[in-house]
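In: Let me see the structure of the following:
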Amino acid sequence: MRVLFYYRGGEHIGLESLISYLKSKGHEVELIFDPGLGDNGFLDIPILNKFCNDQLVIEKAIRFRPDLIAFCSITNLYSAITKIARKFKEVFDVPIIIGGIHPTSLPEEVIKEDCYDMLCVGEGEEALEELLQRLKEKSSYADIKNLWVKDGSGKIHRNPKRLLIKPLDTLPPPDKTLFHKYGVLTSRLMVMTARGCPFACTYCVNSFRNELYSSETYLRQRSVPNVMEELIHLKNTYNPKGFRFEDDVFAYNVKWLREFKEVYRKHINLPFHCYVTPSTAKDSVLKELKEAGCSSVSMGIQSGSVEIRKKLLNRNHSDESIILAAQRIKKYKIKLNTEFIFGFPEETPADMFKSLELNEQLSAHSTSSFIFYPYPQTSLAKYCLEKGYLSDDNYKLIKQGYGSYHTTCLLNHDYINEVYKFKSILPVYNKIPKLLKPLFRKILTLEYGFLHKFIYSISIPLHDFDEFITRVKGIPKMIIKTRNALRK
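Out: Now for the predicted structure:
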């Protein structure tokens, strides 16, 4: 069977896993990719989307002659993806399915869209394979687990979930060839060794997903030999300069990490980036990471207010434990990228200043700042609705994927202008000399306006300068390869 996937914005490892799995079952798979450069979540410059217009996309799809069209969507891409799905629905008389965290969290909302014939809740590999077999046999697929399906009469079949895939080693490694064809891959390749997170922060989709699979343990990790097989293949195929491990928390299993260190250093020996938390950034972990080749880590702090962290975020780290974790990271000569979020409910300007002050004590190589975005079904989104911080109208916008955690504060917040000011200034404040810091504190007291927006534009590359340069260098190649891929 012929399956056409559509995605936009960047590489997606989950989609690469689906592509690999379906190929292993003998299906022909194609990808249409849209860089989405004009609405990338940081800045909206619509003219950049001209490089990949809808006509090129539709013509490419027609030439492929799909038996099934599949979309994958996070919340902040949902609006754009649904727009193109409607265009596909006008042209093709084949089933259209959507999966990903957004339809998983809001199936009742998403299934109402006329452009989707069905959606997938949770993992998609086995459900998609079963769907394709039923389509091939021309038999009913209304009862496939993990799928919500509309039948000819308009009835919606809300099927139960499958058991989680265990062990993950039973899946083939993600297939990057289709994203590579579009020039999406950079010199630092993305890899995931696990699915899920050991923590349940209230603002994160993991808090919802853990509830969805409360009868099972969602967190699963691939074996070291399985991961190494993929890494060796990627190194030999794409000749990268390094890797980014995109696991929510890479170093939570020290026994696994020690085994990984030995073989990674022997067979790969390239610098890598990963994510840690203040509680996992222990000496024993950082030593193994450094010896394996870790050159940089990201550590989410989220708020400088210990009250907000503990009361609202389910992050029970003291300021002292965060500072000590940063000192340990520095001791092992690993670059630290810190992450903060502004705009939480109940947050005051004094709390925001605490984020500025705490980060100053961490000596971070770079700092990323975000605006709190109440993702559907997360614990903190529900709290905001209950307490009146999030209106029904704005929640409707969120369910349609409006805005992003880079640009949009959707809460009824008493200090919304301060949210935008602190979010804009923190990455720059982290890098400027001490002599200029009083000036930037003064700028924070000014009425929100052009100056803060200008500083925001300066802040974008400072979130992670190395990654920013890597991606900017790749944009011309991605534009050229995308246009070539769409025309073939």
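In: average model confidence for stretch 337-347?
Out: Stretch 337-347 comes out with an average pLDDT of 97.
In: in that stretch, what's buried?
Out: Buried positions in stretch 337-347, judged by neighbour count with 16 or more other C-beta atoms under 10 Å: 337-345, 347. Using the backbone N, CA and C atoms, a C-beta is placed for each residue, glycine as well.
In: got the CA positions of it in PDB?
Out: Taking Å, rounded to 0.1, in the frame of the first residue of the first chain, the C-alpha atoms of stretch 337-347 are listed here in PDB:
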ATOM      1  CA  ASN A 337      21.800  25.900  28.600                       C
ATOM      2  CA  THR A 338      19.200  26.900  31.100                       C
ATOM      3  CA  GLU A 339      15.400  27.100  30.300                       C
ATOM      4  CA  PHE A 340      12.900  29.400  31.900                       C
ATOM      5  CA  ILE A 341       9.200  30.000  31.400                       C
ATOM      6  CA  PHE A 342       7.300  33.300  32.100                       C
ATOM      7  CA  GLY A 343       3.600  33.800  32.400                       C
ATOM      8  CA  PHE A 344       2.600  31.200  34.900                       C
ATOM      9  CA  PRO A 345      -0.700  31.800  36.800                       C
ATOM     10  CA  GLU A 346      -0.100  33.700  40.000                       C
ATOM     11  CA  GLU A 347       3.300  34.900  38.800                       C
END
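In: And the strands in the stretch 1-150 of the chain?
Out: Assigned by DSSP state E, counting those that start in this stretch, the strands in the stretch 1-150 of the chain fall at 2-8, 28-34, 68-72, 96-99, 118-120, 147-150.
In: Go through the first one and flag the buried ones.
Out: Yep, that's strand 2-8 we're talking about. By neighbour count on 16+ other C-beta under 10 Å, the buried set for strand 2-8 is 3-8.
In: Next, work out how far apart the spatially most central residue of the chain and Pro103 are.
Out: When C-alpha atoms, centre = their mean is applied to the chain, the residue found nearest the centroid is Ile74 (7.6 Å). Remark: distance between Ile74 and Pro103 (C-beta to C-beta, to the nearest Å) = 10 Å.
In: again, but for Ser404
Out: To Pro103, Ser404 is 18 Å away according to C-beta to C-beta.
In: Of the two, give the one with the bigger neighbour count.
Out: Taking neighbours as other C-beta atoms under 10 Å, Ser404 and Pro103 compare with Pro103 leading, 27 against 18.
In: so what's Tyr21 closest to, chain neighbours aside?
Out: Glu125 (4.2 Å; C-beta to C-beta, 6 or more residues apart in numbering).
In: May I see the buried residues of the helix or strand containing Thr470?
Out: Assigned by DSSP states H and E, Thr470 falls within helix 465-487. For helix 465-487, a neighbour-count test (16+ other C-beta under 10 Å) marks 466-467, 470-471, 474, 478-479, 481-483, 485-486 as buried.
In: so can I have a markdown table of the residues you listed showing pLDDT?
Out: Shown next, in a markdown table, are these (pLDDT from 0 to 100):
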| residue | pLDDT |
| --- | --- |
| Asp466 | 82 |
| Glu467 | 84 |
| Thr470 | 82 |
| Arg471 | 80 |
| Gly474 | 79 |
| Met478 | 85 |
| Ile479 | 84 |
| Lys481 | 88 |
| Thr482 | 87 |
| Arg483 | 84 |
| Ala485 | 90 |
| Leu486 | 87 |
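In: wait, which of those residues is closest to Cys274?
Out: Proximity of the buried residues of helix 465-487 to Cys274 (C-beta to C-beta) peaks at Glu467, which lies at 13.0 Å.
In: which ones are touching the closest one?
Out: By C-beta atoms under 8 Å, 6 or more residues apart in numbering, the contact list for Glu467 reads 188, 244, 273.
In: Phi first, then psi, for the second one.
Out: In terms of degrees, to the nearest 10, the main-chain angles of Arg244 are phi -120, psi 110.
In: State the number of residues packed around it.
Out: Neighbours of Arg244 under the rule other C-beta under 10 Å: 21.
In: so it sits right up against Arg188, yeah?
Out: Yes - using C-beta atoms under 8 Å, Arg244 is in contact with Arg188, at 5.4 Å.
In: tell me, what's touching those two both at once?
Out: 273, 467.
In: what's the spacing between Ile165 and Glu291?
Out: 32 Å.
In: actually Lys311, not the one I wrote
Out: For Lys311 relative to Glu291 (C-beta to C-beta), the value is 38 Å.
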